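Trainee: My questions are about this predicted structure, shown below with the sequence.
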Amino acid sequence: MTSSKIIAGNWKMNGTATFLKECLSYWQSLSLVHNLVICPPFTLLTEANKSIHSSKVSLGAQDCHQKLTGAFTGNISADHVKETGCSYVIIGHSERRQYHGENNDLIKAKAETAISSGLKPVICVGENLGEREQGVTLEILQTQIEACLPNSSRDFLVAYEPVWAIGTGKAASLKDIEEVHGFLRKLVGSGIPLLYGGSVTAENCKEIISLSDVDGVLVGGASLKKQDFGRMLCGQ
Ligand code: 13P
């Protein structure tokens, strides 16, 4: 029997309330093998939570602020996220690092705050293409891990998302994923789920999640394809 893994769908700045409702209804009608964490935009979270009725489905947000309240126009706090019914929050995604200047210190602060609000942070790490080509991937990951992981609790997940694999259609090779996840496992120890993200599709998902030290995947584009994502959730 296939063991249950985590399949997280990061919708980024995509999707509508109607489409999300349709997807949740479809996915929950299937015989789910894996656990789904669906991460739509903030504005869809409360409504999405009302459509969840399977113990194999939970909700996640894509970011939260490092402070719980205050004069931070336009930001959303971990308490707000929690109030929508979320169990998870993605922290430090490479798009946040790239377009919002988020650094390791900020990511750690956000992860600590998320935990204090009762959320499980999914902390993203990953090297860029230049770093991969220079052969410094493991050093970069070690620096990110040492700087970003919270001290207060071990109730978090780590997502390895090589920046060059995100949205490019070029997933890391199985060999590279296995090497990096083995390295991360040694760094973080047991009991911390390790997800892989970057061009995961219905075609490569099954092989990737069967690798040792891969506890699940974080999926962008393919999580917006209702049927393909459904196949991934069913272990097909
Ligand atoms: P893609 O699956 O579209 O490559 O995106 C990966 C990602 O960024 C998930 O967080």
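Mentor: Cool, got the structure.
Trainee: For the residue of the chain found nearest the ligand, which non-adjacent residue is closest in space?
Mentor: With CB to the nearest ligand atom, the shortest gap between the chain and the ligand falls at residue 220, namely 2.3 Å. For the C-beta atoms, the positions are set from N, CA and C on the backbone; glycine is no exception. Of all residues beyond its chain neighbours, the one nearest residue 220 is residue 10 (5.2 Å), with distances taken as CB to CB, 6 or more residues apart in numbering.
Trainee: Same check on residue 14?
Mentor: For residue 14, the spatially nearest residue (CB to CB, 6+ apart) is residue 224, at 5.8 Å.
Trainee: Which pLDDT value goes with the one you found?
Mentor: For residue 224, the pLDDT comes out at 98.
Trainee: residue contacts, it?
Mentor: Counting by CB atoms under 8 Å, 6 or more residues apart in numbering, residue 224 touches 9, 11, 14-15.
Trainee: Now the buried members of those.
Mentor: Listed as buried from the contacts of residue 224 are 9, 11, 15; burial here means 16 or more other CB atoms under 10 Å.
Trainee: which ones among those are found in helices?
Mentor: Among these, no member falls in helices (DSSP state H).
Trainee: Tell me which of these fall in strands.
Mentor: residue 9 (DSSP state E).
Trainee: Quick one: list the elements packing against the top helix by length along the chain.
Mentor: In the chain, with assignment by DSSP H, the single longest helix is helix 174-188. Counting contacts by 3 or more CB pairs under 8 Å, 6 or more residues apart in numbering; DSSP states H and E, helix 174-188 is packed against helix 137-148, strand 157-160, strand 194-197, helix 205-209.
Trainee: if I pick residue 236, what's in contact with it?
Mentor: 202, 206.
Trainee: got the residues of the protein near the ligand?
Mentor: 10, 93, 161, 166-167, 197-200, 218-222 (CB under 6 Å from any ligand atom).
Trainee: Residue 156 is in contact with residue 122, correct?
Mentor: Yes: between residue 122 and residue 156 there is a contact at 7.4 Å, judged by CB atoms under 8 Å.
Trainee: So for those two, which sits in the more crowded spot?
Mentor: residue 122 (30 against 24; other CB atoms under 10 Å).
Trainee: Alpha carbons only: can I get the helix or strand hosting the more buried one in PDB?
Mentor: For residue 122, the element it lies in under DSSP states H and E is strand 120-125. C-alpha atoms of strand 120-125 as PDB (Å, rounded to 0.1, in the frame of the first residue of the first chain):
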ATOM      1  CA  LYS A 120       2.600  25.000  11.200                       C
ATOM      2  CA  PRO A 121       5.000  27.000   9.000                       C
ATOM      3  CA  VAL A 122       6.200  25.400   5.800                       C
ATOM      4  CA  ILE A 123       9.600  27.000   5.600                       C
ATOM      5  CA  CYS A 124      11.000  27.200   2.100                       C
ATOM      6  CA  VAL A 125      14.700  27.000   1.200                       C
END
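Trainee: what's next to stretch 6-23, contact-wise?
Mentor: 34-41, 44, 47-48, 51, 60, 62, 88, 90, 93, 95, 122, 157, 159, 193, 195, 197, 205, 209, 215-220, 223-224, 226, 229, 232-233.
Trainee: quick one: it to chain centroid distance?
Mentor: 13 Å (CA atoms, centre = their mean, to the nearest Å).
Trainee: Okay, the residue sitting furthest away from the middle of the chain and residue 120: tell me how far apart.
Mentor: Of all residues in the chain, residue 71 has its C-alpha farthest from the mean position, at 27.9 Å, by CA atoms, centre = their mean. Per CB to CB, to the nearest Å, residue 71 is found 28 Å from residue 120.
Trainee: Over to residue 58?
Mentor: From residue 58 to residue 120 the distance is 9 Å (CB to CB).
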